[in-house]
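>>> build the 3D model from these lines:
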Amino acid sequence: MCARRFLVVIFLLTLLIVAGAFAVFQFGGSVLRKQALPTVPYEAPPPASGPDYVQTENWLNLPDTVPPGPAEWKPQGIGAEPAGKVEAATFYIHPTTYLQRDRWNALLGDSESQSRAQLFVRSQASAFNFSRVYAPKYRQAAFGAFLDTGDDATAALDLAYSDVARAFDRFLMQEATAPIILAGHSQGALHLTRLLRDKVAKDPALQKRIVAAYVVGWPVSRAADLPAMGLAACQNNLDARCLVSWQTYAQPANTDLITSAFEGTTGFNGQKRRRQDIICYNPLSGSNDDGVPGEITNFARNDGTLVPTDSNLRDANLVQGAVGAMCRDHFLIIAGVDDKLPDLGPYVLPGNNYHVYDYALFWANIRADARGRVNAFKP
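Numbers count the residues shown, from 1 in each chain. As a prediction, this is how the structure comes out:
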């Protein structure tokens, strides 16, 4: 299963930073499994015991709440913007934030993982807060669920997705006619690909309402996945009913772990996935600029990177022109002015993988990209 293999890689890389697992280099996958695999068998929850998405406490963010939710945050330096919300709604799915081994799926009442989830809503979903933002809590699969291919791990992923799918159904009840932006990151992007396949692709009326899907930090095959997902790949920053995706690396980039996990797996339409089919959208150029020769020099096109102003990552300045980017060999490669990237925090992963910062690096451009699509959208 491609999803499982890819997330094994993401977990391995993240664990090296978050847990300092040097032993993985010394002793390999057996140590990783011992450190991260849940220590108990998967236990299916009682039927109909999942979150009730009619209840506001089962959402990380909803429109028009008092006090405002984390997605309503705006960074310092954003400047003047048009007043009010545009007529659109965003459904955002947060990445994995549960790192424990005591269960296969996080409890919604787990304060540590929910606090991390709020940080991601704050730094990622906030890019879309010119619209009405919905961000569900869900019983996310624990990191360790991605280290196994057995029934327990499959059940954990399916349970997480079942929550997301029910939250999306509730979102559609609340937003019956508005144009829709879909967004996710990492595990959230995985669940978003399934939503596109299972719901959007099978509902022509819903397809017509999709402004764009931001499937970020997750590989999508143009040939093996996209035809079954109900959307085309975005060709420019005004396209609608289309999908964008990227994975971010600095130079020199080592993407071997990702591509080896992706290559040859079976896509949504039954074809084998290939590296050369991975979608890379550049939020600075508004296009897939793979193959463009020369050095990265488009720093001035970056309207703002989120640079943290405190150690708890709860506030940030919007810094313009600090990061340039080009799609190279199907990955988004970044560079800093004078070869110096801004200090975003301690979570750059081995291989110069900027996975954790896929949104933060281009926050203002993602915002402009989505808003421009909404303004140009014709139902």
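>>> how many neighbours does residue 346 have?
Around residue 346 sit 9 other residues, with neighbours defined as other CB atoms under 10 Å. C-beta: built from backbone N, CA, C; applies to glycine.
>>> over to residue 66?
Residue 66: 5 neighbours (other CB under 10 Å).
>>> can you check residue 179 too?
There are 22 residues near residue 179, going by other CB under 10 Å.
>>> show me the contacts for it.
Each residue near residue 179 by CB atoms under 8 Å, 6 or more residues apart in numbering is listed here: 87-89, 209-211, 374, 377, 379.
>>> go with 7 Å
Each residue near residue 179 by CB atoms under 7 Å, 6 or more residues apart in numbering is listed here: 87-88, 209, 211, 374, 377, 379.
>>> what of residue 144?
36-38, 101.
>>> now the helices for the protein?
Secondary structure of the chain (DSSP state H): helices at 2-18, 23-27, 29-36, 111-123, 151-174, 187-195, 204-207, 256-262, 363-376.
>>> so which of those helices gets nearest residue 302?
Evaluated with CB to CB, the helices of the chain place helix 363-376 nearest to residue 302, the distance being 6.4 Å.
>>> list the buried residues in that closest one.
363-371, 373-374 (16 or more other CB atoms under 10 Å).
>>> try stretch 303-316
Result for stretch 303-316 [16+ other CB under 10 Å]: buried residues 303-308, 313, 316.
>>> where does the prediction get shaky in the stretch 151-300 of the chain?
Residue ranges of the stretch 151-300 of the chain with pLDDT under 70: none are present.
>>> just the buried ones from the contacts of residue 179, in PyMOL syntax?
Per 16+ other CB under 10 Å, the buried members of those correspond to this PyMOL selection:
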select buried, resi 88+209+211+374+377
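>>> for the contacts of residue 179, give me TSV that also has distance to residue 190.
Output for the contacts of residue 179, formatted as TSV (distance: CB to CB, whole Å):
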residue	distance to residue 190
87	29
88	24
209	22
211	21
374	25
377	26
379	29
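>>> go through the contacts of residue 179 and name the one nearest residue 219.
residue 211 (22.3 Å).
>>> just checking, the closest one touches residue 88?
Yes. Contact criterion CB atoms under 7 Å: residue 211 and residue 88 qualify, at 6.3 Å.
>>> which stretch among the helices of the chain is buried most, on average?
helix 187-195 (a mean of 25; mean count of other CB atoms under 10 Å).
>>> how far is that one from where the chain is centred?
Offset of helix 187-195 from its chain centre (CA atoms, centre = their mean, to the nearest Å): 8 Å.
>>> same check on stretch 305-317?
19 Å.
>>> and for stretch 159-166?
Worked out by CA atoms, centre = their mean, stretch 159-166 lies 16 Å from the chain centre.
>>> just stretch 207-223 next, same as before
The answer for stretch 207-223 is 11 Å, by CA atoms, centre = their mean.
>>> stretch 206-217 too?
Stretch 206-217 has its C-alpha centroid displaced from the chain centroid by 13 Å (CA atoms, centre = their mean).
>>> got it, and stretch 227-247?
15 Å.
>>> the protein: strands as residue ranges?
59-61, 89-93, 132-136, 180-185, 210-216, 232-233, 242-244, 248-250, 305-308, 316-319, 323-328, 331-336 (DSSP state E).
>>> give me the sheet partners of the fifth one and which way each runs.
Strands that pair with strand 210-216, judged by DSSP bridges, come out as strand 180-185 (parallel), strand 242-244 (parallel).
>>> how about the contacts made by residue 46?
With CB under 7 Å, 6+ apart, residue 46 has no contacts at all.
>>> check it and give its pLDDT.
Per-residue pLDDT puts residue 46 at 88.
>>> how about residue 15?
46.
>>> what of residue 342?
So residue 342 comes in at 94 (pLDDT).
>>> next: residue 100.
pLDDT, read off for residue 100, is 79.
>>> next one: residue 9
The model reports residue 9 with a pLDDT of 49.
>>> quick revisit: format the strands of the chain as CSV; extra columns: distance to residue 111.
Below are these laid out as CSV (distance: least, CB to CB, whole Å):
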stretch, distance to residue 111
strand 59-61, 13
strand 89-93, 20
strand 132-136, 17
strand 180-185, 21
strand 210-216, 26
strand 232-233, 39
strand 242-244, 33
strand 248-250, 30
strand 305-308, 22
strand 316-319, 23
strand 323-328, 33
strand 331-336, 34
